[in-house]
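>>> got a predicted model here, sequence first, then my questions.
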Amino acid sequence: LGDLSFLHDQNGLVVGPREPRPDLCVVVVNNDGGGIFSLLPQAGLRDPFERVFGTPHGVDLGYVAAATGTPYVQVTDAGQLSKALLGEGVRVVEVRTDRERNAVLHAEMREAARAAIRTFG
């Protein structure tokens, strides 16, 4: 789940006292804003891009989870993810990423795919 979607729907962490508790691990990719838009052409519009598409929020997701008493862990290394997913009930796992590095990685992967197609096509 993206960070902006998580923040938009954070009240979903509030479960009534007599409601059953689902076994749900919410993994949040936090790139401090609309990282998906960094993969689109409008990312080239540097100044307006940040305000209109990047929408940086600066919210500490650990505090959001704490406000509802939801267990929370931040993953800082890919090797930690499988362990972080373990547990019971509702819990939040935050994975921080960098929007610009993510866009570069996607571009490199696209080019590698194109090169492979040219080689075997």
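Structure's in. What do you need?
>>> contacts, neighbours, all on C-alpha from now
Will do.
>>> spatially central residue for the chain, please.
Closest residue to the average C-alpha location of the chain: V29 at 1.4 Å, with C-alpha atoms, centre = their mean.
>>> assign a three-state SS to that residue, would you?
strand (DSSP: H, G, I helix; E, B strand; the rest coil).
>>> ok, it - contacts?
1-3, 94-97 (C-alpha atoms under 8 Å, 6 or more residues apart in numbering).
>>> measure it to D3 for me?
6 Å (C-alpha to C-alpha, to the nearest Å).
>>> and for L86?
Using C-alpha to C-alpha, L86 is found at 21 Å from D3.
>>> and those two? Which one has more around it.
Shown here are L86 and D3; by other C-alpha atoms under 10 Å, D3 has more neighbours (25 against 9).
>>> the more buried one contacts G35, correct?
No: using C-alpha atoms under 8 Å as the test, D3 is too far from G35 to be in contact (9.1 Å).
>>> and E50, what are its phi and psi?
phi -60, psi -50 (degrees, to the nearest 10).
>>> backbone phi and psi for the nearest residue to it once chain neighbours are set aside, please?
Take E50 and drop its neighbours on the chain: the residue closest to it by C-alpha to C-alpha, 6 or more residues apart in numbering is P56, 7.1 Å away. Backbone torsions for P56, taken as degrees, to the nearest 10, come to phi -60, psi 140.
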